[in-house]
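Asks: structural data only, the sequence is not supplied:
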Ligand SMILES: Cc1cc2nc3c(=O)[nH]c(=O)nc-3n(C[C@H](O)[C@H](O)[C@H](O)COP(=O)(O)OP(=O)(O)OC[C@H]3O[C@@H](n4cnc5c(N)ncnc54)[C@H](O)[C@@H]3O)c2cc1C
């Protein structure tokens, strides 16, 4: 039997392409992994953070349309950066209008003074930001925001992940956007879809249709030499001989449960860097608290990095006279968090924004924590991932998905990875 570990999007996509010859083990009671939603008090909230649907890939476009059909709303992105007490439309560098004159000048001068000579090999992410966006944009937005979301020293991050994710700004676009609001949309998610009903879980649920999933089944141990998976379900342990294993478990967690791991592989897994995320879902007893979809917060005196106004993704997300938001707060690997205190801090900092007004009644719907949110591309990640992948390959485990491949994969790429990993293996 082929065994798949994890019923997130990548695991389920692999399952579809194995056409019945597998068992899919999921430790939770529901499918979706990071793409899960819950309903609390009439509000639907995405517990792994705000998730929107966009892709350039034709297969995934068709899949989203087939899975969600009429349950899909189309949006033109309204995303902003809140700084200096004003909203700057995203992307920052081409929407400088409204910022203080000295900041605009610094940003434009920075781009004009860029070293546009021969394409250079950047030493790290920090250097890449300064060279690509110029010193002004780096200082006022890119460095503070990225430091906040990654929770890692940008000088110790590589630039592999960014290749086609963030284009360099054109000076003419910057100048136009500094003079007046331009309204021109940039970037892959300028237009996006979102499920009308059910939050992002609707996609995961639709993908799980007809799959053979054993829920509440946590893989606890893998015997490397015989490729046996031992999983626990309702306190009972079952041992399963696996012909192959497709695993979407985070690499550090997968390595921990394999019984016979060489020291160098264990060391490589320990060295991988990632960050975690707290999502605080709130109901605000006022309709339409904002006209935006999401807002980035680069400034230091606010602890969270982003707010998603869920009720603007679909009117079905909240009762009629209320709004719902998700406050996202990443934190570094291994940091011990006092969740009660952090909740208080998030609520306190929310008052520094205009999302909540004096006198608003705010209710906490849910506070969730995902230990694995973003893989962090530290300068040694490539070497460490290679060591781990080679070992897994030798023993018959195929790593898939965001934390198996250890790549910044979005939903579309996680789905494609599950599919393509199956296609690549002779079974
Ligand atoms: C804050 C945030 C916002 C995002 N927003 C977007 C967005 O707007 N658009 C977009 O396209 N992508 C977005 N993404 C990315 C998206 O969440 C991922 O690409 C996708 O969910 C990855 O799916 P996966 O299957 O690879 O991993 P996961 O979702 O992590 O799935 C892994 C599964 O394995 C299960 N599991 C773990 N351990 C065990 C075990 N021992 N035994 C059995 N099962 C186990 C887990 O419960 C889980 O179901 C976002 C990610 C984050 C963190």
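Replies: Everything's here; your move. Computed from a predicted structure; not experimentally measured. Numbers count the residues shown, from 1 in each chain.

Asks: helices and strands of this protein: which one has the lowest mean pLDDT?
Replies: helix 171-179 (a mean of 89; mean pLDDT, DSSP states H and E).

Asks: helices or strands up against that one?
Replies: Judged by 3 or more C-beta pairs under 8 Å, 6 or more residues apart in numbering; DSSP states H and E, the packing partners of helix 171-179 are helix 101-112. Heads up, the C-betas are built off the backbone N, CA and C, glycines and all.

Asks: so for the helix it packs on, what gets flagged as buried?
Replies: 103, 104, 106, 107, 108, 110, 111 (16 or more other C-beta atoms under 10 Å).

Asks: swap in stretch 257-264?
Replies: Buried, per 16+ other C-beta under 10 Å, within stretch 257-264: 257, 258, 261.

Asks: do stretch 191-208 as well
Replies: Of the residues in stretch 191-208, 192-196, 198-208 count as buried by neighbour count, 16+ other C-beta under 10 Å.

Asks: so for that stretch, what's the average pLDDT?
Replies: What stretch 191-208 shows for mean pLDDT is 98.

Asks: so how far is the first residue of it from its last?
Replies: 26 Å (C-alpha to C-alpha, to the nearest Å).

Asks: and the closest residue to the ligand within the stretch 101-250 of the chain, what does it touch?
Replies: Relative to the ligand, the nearest point of the stretch 101-250 of the chain is residue 219 (3.8 Å; C-beta to the nearest ligand atom). Residue 219 is in contact with 5, 25, 27, 229, 230, 231, 249, 257, counting by C-beta atoms under 8 Å, 6 or more residues apart in numbering.

Asks: can you tell me which helices and strands whichever helix or strand comes after the least confident helix or strand of the chain packs against?
Replies: Counting by DSSP states H and E, the element after helix 171-179 in chain order, helix or strand, is strand 191-195. Judged by 3+ C-beta pairs under 8 Å, 6+ apart, the packing partners of strand 191-195 are helix 58-68, strand 72-76.

Asks: out of the ones you listed, which comes closest to the ligand?
Replies: Nearest to the ligand among the helices and strands packed on strand 191-195 is helix 58-68 (9.3 Å), distances taken as C-beta to the nearest ligand atom.

Asks: tell me which residues in the closest one are buried?
Replies: Residues 60, 63, 64, 67, 68 are the ones in helix 58-68 that count as buried (16+ other C-beta under 10 Å).

Asks: quick one: mean pLDDT for it?
Replies: In this model, helix 58-68 has an average pLDDT of 98.

Asks: and what of stretch 395-405?
Replies: For stretch 395-405, the mean confidence score works out to 98.

Asks: around the ligand, pick out the residues from the stretch 101-250 of the chain.
Replies: Applying C-beta under 6 Å from any ligand atom, we find that the stretch 101-250 of the chain lies next to the ligand at 218, 219, 248, 249.

Asks: the last one: neighbour count?
Replies: The number of residues packed near residue 249 is 25, by other C-beta atoms under 10 Å.

Asks: tell me the confidence at it?
Replies: Note on residue 249: pLDDT of 98.

Asks: now it, nearest residue through space, not along the chain?
Replies: residue 5 (5.3 Å; C-beta to C-beta, 6 or more residues apart in numbering).

Asks: what's the answer for residue 41, then?
Replies: The nearest residue in space to residue 41 (C-beta to C-beta, 6+ apart) is residue 365, at 6.0 Å.

Asks: now residue 188
Replies: residue 54 is the one closest to residue 188 (C-beta to C-beta, 6+ apart), at 6.0 Å.

Asks: make JSON lines out of the helices and strands packed on strand 191-195 and add distance to residue 408.
Replies: Formatted as JSON lines, these follow (distance: least, C-beta to C-beta, whole Å):
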{"stretch": "helix 58-68", "distance to residue 408": "16"}
{"stretch": "strand 72-76", "distance to residue 408": "23"}
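
Asks: would you turn those into TSV with distance to the ligand?
Replies: Below are the helices and strands packed on strand 191-195 laid out as TSV (distance: least, C-beta to the nearest ligand atom, whole Å):
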stretch	distance to the ligand
helix 58-68	9
strand 72-76	12
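
Asks: just the helices in the stretch 251-400 of the chain please.
Replies: 251-257, 263-271, 339-350, 381-395 (DSSP state H, counting those that start in this stretch).

Asks: quick one: closest of those to the ligand.
Replies: helix 251-257 (6.0 Å).

Asks: contacts only, for the residue nearest to residue 373 when sequence neighbours are not counted.
Replies: In this structure, residue 373 finds its nearest non-sequential neighbour in residue 277, 3.7 Å apart by C-beta to C-beta, 6+ apart. Shown in contact with residue 277 (C-beta under 8 Å, 6+ apart): 48, 49, 328, 329, 330, 331, 369, 370, 373, 374.

Asks: count of residues packed around residue 126?
Replies: Residue 126: 20 neighbours (other C-beta under 10 Å).

Asks: and for residue 122?
Replies: By the measure other C-beta under 10 Å, the count of residues near residue 122 is 16.

Asks: was I right to think it contacts residue 128?
Replies: Yes - counting by C-beta atoms under 8 Å, residue 122 touches residue 128, with 4.1 Å between them.

Asks: residues shared between the contacts of these two?
Replies: With C-beta under 8 Å, 6+ apart as the test, residue 122 and residue 128 both reach residue 159.

Asks: got the angle between the least confident helix or strand of the chain and helix 101-112?
Replies: Helix 171-179 and helix 101-112 are oriented at 180 degrees to each other (axes from the mean of the first three to the mean of the last three C-alpha atoms, to 10 degrees).

Asks: buried residues, helix 171-179. List them.
Replies: Those would be 173, 174, 176, 177, 178, for helix 171-179 by 16+ other C-beta under 10 Å.
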